[in-house]
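A.B. asks: Sharing a model prediction with you, sequence too.
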Amino acid sequence: MLEAMGKRAKETALQLGSLGSEKKNQGLESVAQSLLEGAREILAANETDVNFARQKGMSPGLIDRLRLDKKRIQSMADGLLEVAALEDPVGEILSMKPRPNGLLIGQKRVPIGVVGLIYEARPNVTADAFGLCFKAGNAVILKGGSDAIESNKAIVAWIQKGLIKAKLPAMAVQFIESTDRETAIAFMKMKEYLDVLIPRGGAGLIQSVVEQSTVPVIETGTGNCHIFVDESADFSMALDIIDNAKTQRIGVCNACESLVVHRAVAKEFLPLLYARLKEKQVEIRADEEACHFVPEFIQAEQEDWGKEYLDYILSVKMVGSIEEAISHINRYNTKHSEAILTSDYANAQRFLNEIDAAAVYVNASTRFTDGFEFGFGAEIGISTQKLHARGPMGLKELTTTKYIIYGNGQIRP
């Protein structure tokens, strides 16, 4: 089964690589309309998944990731239209320089080829991944988790209907319906057919793919995102940002999980923080010093400093300087998104320079680390590694380059 899918993907990728922007955009528009037409069927499939997740005792945060409604399906369709409206990176000439021997050597942006994606829960990823891969000229093979199996099958079916309606190859997107571990491992070994494999999900999934894949991997990370409240922070702004970053949507990788507070402002700021987050029923796990200022805080354990909760829980660590804050964050972060709240320009610049993460903010919520918010349209994931791509992965990150050389008879002496 997997080999047949791989062969179809390779053949399709050759076709997609030569499609013009107009034809690809027509395909995306057709698929967007198809998803809306299939909304009732997709929602019925999603309800099956959600009911099963409840029976298994899945956490509210993960159920929120899994759930679809009419608004989210509309957002999926809108995302495809946004991708269609973006500039096509394929064919872009990055450079063209003459050599002393008369050769003209240039660099051109081209599709990667066949992209494999292994992901958990969030069924909206199915449409996002297709849209980005398709616009960048890539075929994609998807393997979603068992929690969203029915939703993903329905979404892919309606994507393929949209492609067929636009007279484009339906095998631009394929979905692996098997959810067993053996199939997943075999998928990770498809080096003959896959040009790159992208895991998107929890730490366990990502680690498994990184360790077992023989296909080149772009690692997307979990999100233990920190916010540092510096001694010069504006309290009103800080409370708004922390509230948004923690509670606007708890089950996402760019939500704030850890707070670092300068002890110079702790006595005044921490009670305000407790009162604000109590309204959203956020549990705060703090170190002993912070608990001294707010007895209602729960004593944190060592494991809290590096934990991605995906829940209404926040850790709080006290520090005495920006140096200590940077050291703590770099030790426990997952290289995703980190923020400083400060009025001190020098501290802001130091934080930007010394924090090791894909996205670093000054006086803004970590929730902005997102392909839509960065102007990329949809995203296929947030890369937390340093090779090829880092941060939200949009169209350009799903391409590679090749050199093109023009000559007029040159031979190497």
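C.D. replies: The structure has been received and is ready for your questions. Numbers count the residues shown, from 1 in each chain.
A.B. asks: for the stretch 201-350 of the chain, what spans make up the helices?
C.D. replies: For the stretch 201-350 of the chain, the helices defined by DSSP state H, counting those that start in this stretch occupy 203-212, 235-247, 266-278, 288-293, 322-332, 345-354.
A.B. asks: Next, the angle from the fifth one to helix 345-354.
C.D. replies: Taking axes from the mean of the first three to the mean of the last three C-alpha atoms, to 10 degrees, one finds helix 322-332 and helix 345-354 inclined to each other by 20 degrees.
A.B. asks: Now tell me what touches helix 322-332 from outside.
C.D. replies: Applying C-beta atoms under 8 Å, 6 or more residues apart in numbering, the contact partners of helix 322-332 are 224, 226, 228, 230, 258, 260, 262, 305-306, 317, 319, 338, 340, 347, 350-351, 354-356. In short, each C-beta sits where N, CA and C put it, glycine included.
A.B. asks: Need the nearest residue in space to the residue most central in space within the chain, chain neighbours excluded.
C.D. replies: Nearest residue to the geometric centre of the chain (C-alpha atoms, centre = their mean): Gly381, 2.6 Å. Sequence neighbours aside, Thr220 is the residue nearest to Gly381 in space, at 3.6 Å (criterion: C-beta to C-beta, 6 or more residues apart in numbering).
A.B. asks: Please report the number of neighbouring residues for that neighbour.
C.D. replies: Thr220 has 28 neighbours, counted by other C-beta atoms under 10 Å.
A.B. asks: what's across from it in the sheet?
C.D. replies: Per DSSP bridges, the residues bridged to Thr220 are Ser383.
A.B. asks: from what I can see it touches Arg200, true?
C.D. replies: Yes - taking C-beta atoms under 8 Å as the definition, Thr220 is a contact partner of Arg200 at 5.0 Å.
A.B. asks: any idea of the mean pLDDT for stretch 44-61?
C.D. replies: Mean per-residue pLDDT for stretch 44-61: 92.
A.B. asks: So for that stretch, what gets flagged as buried?
C.D. replies: Ala45, Asn46, Asp49, Val50, Phe52, Ala53, Met58, Gly61 (16 or more other C-beta atoms under 10 Å).
A.B. asks: about what we covered before: out of the contacts of helix 322-332, which are buried?
C.D. replies: Those of the contacts of helix 322-332 that meet the buried threshold are 224, 226, 228, 230, 258, 260, 262, 305, 317, 319, 338, 340, 347, 350-351, 355, by 16+ other C-beta under 10 Å.
A.B. asks: So what's the gap between stretch 152-159 and the chain middle?
C.D. replies: Counting by C-alpha atoms, centre = their mean, to the nearest Å, stretch 152-159 is centred 21 Å from the centre of its parent chain.
A.B. asks: same check, this time on stretch 73-85
C.D. replies: 17 Å.
A.B. asks: Contacts for that stretch next, please.
C.D. replies: Here stretch 73-85 makes contact (C-beta under 8 Å, 6+ apart) with 24-25, 28-29, 31-33, 35-36, 39, 42-43, 124, 127-128, 131-132, 135, 155, 372, 377-378, 395.
A.B. asks: please redo it, this time with the cut-off set to 7 Å
C.D. replies: Contacts with stretch 73-85, where a contact means C-beta atoms under 7 Å, 6 or more residues apart in numbering, come from 25, 28-29, 31-32, 35-36, 39, 42, 124, 127-128, 131-132, 135, 377-378.
A.B. asks: Return the set of buried residues in that stretch.
C.D. replies: Neighbour-count burial for stretch 73-85 flags Ile73, Ser75, Met76, Ala77, Asp78, Gly79, Leu80, Leu81, Glu82, Val83, Ala84 (criterion: 16+ other C-beta under 10 Å).
A.B. asks: If we only consider the residues you listed, which is nearest to Thr214?
C.D. replies: Set against Thr214, the nearest of the buried residues of stretch 73-85 by C-beta to C-beta is Val83 (30.2 Å).
A.B. asks: Tabulate the CA atom coordinates of the host helix or strand of that closest one in PDB.
C.D. replies: Val83 belongs to helix 70-85 when assigned by DSSP states H and E. What follows is helix 70-85, C-alpha atoms only, in PDB (Å, rounded to 0.1, in the frame of the first residue of the first chain):
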ATOM      1  CA  LYS A  70     -18.800  25.600  10.600                       C
ATOM      2  CA  LYS A  71     -16.600  28.500  11.600                       C
ATOM      3  CA  ARG A  72     -13.400  26.300  11.500                       C
ATOM      4  CA  ILE A  73     -14.300  24.700   8.200                       C
ATOM      5  CA  GLN A  74     -14.900  28.200   6.800                       C
ATOM      6  CA  SER A  75     -11.500  29.100   8.200                       C
ATOM      7  CA  MET A  76     -10.000  26.100   6.400                       C
ATOM      8  CA  ALA A  77     -11.500  27.200   3.100                       C
ATOM      9  CA  ASP A  78     -10.500  30.800   3.700                       C
ATOM     10  CA  GLY A  79      -6.900  29.600   4.400                       C
ATOM     11  CA  LEU A  80      -6.800  28.000   1.000                       C
ATOM     12  CA  LEU A  81      -8.000  31.100  -0.600                       C
ATOM     13  CA  GLU A  82      -5.300  33.100   1.200                       C
ATOM     14  CA  VAL A  83      -2.600  30.700   0.000                       C
ATOM     15  CA  ALA A  84      -4.000  31.100  -3.500                       C
ATOM     16  CA  ALA A  85      -3.600  34.900  -3.200                       C
END
